[in-house]
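Chemist: structure, please.
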Amino acid sequence: MDIVYIRDLRIDTIIGIYDWERQVKQTVSIDLEMASDIRKAAATDDIQYALNYKAVSKRLIAYVENRNALLVETLAEEITQLIRDEFNVPWLRLRLSKPGAVRGARDVGLIIERGTKATSGAETVHIPPLEA
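Modeler: Below you'll find the model as predicted:
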């Protein structure tokens with residue numbers, strides 16, 4: 001299994017349960033690890049066979065900016081389902097945090113994993129030798 005990742009994707013959104021949190025945008029930070037078999041993309045040097053981290057990032061930004069969730073737990077589950085469904089990701093690990101949410105702590109949040117890491121039925125891809 002190969003992992004495509006995004007680190008510290010910062011998105012401003014309305015999130016929280018307190019009245020003041022419903023009035024101002026706060027920054028959430030997302031770390032995402034996604035299982036992906038990169039062999040065909042590597043062999044062909046063709047983006048159509050890759051898990052496009054730019055497309056994933058743009059989709060996350062569009063979704064999170066407009067979601068306005070109460071709980072980070074809700075937002076995390078929704079992000080996980082969205083990525084697995086729309087980008088055909090069999091396994092992912094998501095770290096969702098709210099920097100500065102608790103005095104004295106750099107950030108607070110949660111880490112969740114969904115799906116299975118094993119890539120079943122992965123086709124064998126011939127990778128030509130590197131040119132000298």
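Chemist: buried set for stretch 59-77?
Modeler: Using 16 or more other CB atoms under 10 Å as the test for burial, stretch 59-77 gives R59, L60, I61, Y63, V64, R67, A69, V72, L75, A76, E77. C-beta: built from backbone N, CA, C; applies to glycine.
Chemist: now do the same end-to-end measure for that stretch.
Modeler: With CA to CA, to the nearest Å applied, stretch 59-77 spans 15 Å between its terminal residues.
Chemist: I would like the residues contacting that stretch, please.
Modeler: With contact meaning CB atoms under 8 Å, 6 or more residues apart in numbering, stretch 59-77 is reached by 6, 9, 11-17, 22, 28, 30, 32, 78-79, 82-83, 86-87, 94, 96-98, 109-110, 112.
Chemist: which ones among the residues you listed map onto helices?
Modeler: E78, I79, L82, I83, E86 (DSSP state H).
Chemist: pLDDT below threshold where in this structure?
Modeler: Applying pLDDT under 70 to the chain flags the ranges 119-132.
Chemist: name the nearest residue to V89, sequence neighbours excluded.
Modeler: Closest residue to V89 apart from its sequence neighbours, by CB to CB, 6 or more residues apart in numbering: M34 at 4.6 Å.
Chemist: flag every buried residue along the host helix or strand of the one you found.
Modeler: In the assignment (DSSP states H and E), M34 maps to strand 26-36. Across strand 26-36, burial judged by 16+ other CB under 10 Å covers V28, S29, I30, D31, L32, E33, M34, A35, S36.
Chemist: and that strand, what other elements does it pack with?
Modeler: Applying 3 or more CB pairs under 8 Å, 6 or more residues apart in numbering; DSSP states H and E, one finds that strand 26-36 contacts strand 2-13, helix 53-67, helix 72-86, strand 91-99, strand 107-115.
Chemist: can you list the strands that that strand pairs with?
Modeler: strand 2-13 (antiparallel), strand 91-99 (antiparallel) (DSSP bridges).
Chemist: okay if I get those strands as JSON lines plus mean neighbour count?
Modeler: JSON lines is the format used below for the strands paired with strand 26-36 (neighbours: other CB atoms under 10 Å):
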{"stretch": "strand 2-13", "mean neighbour count": "14"}
{"stretch": "strand 91-99", "mean neighbour count": "20"}
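Chemist: that'll do, ta.
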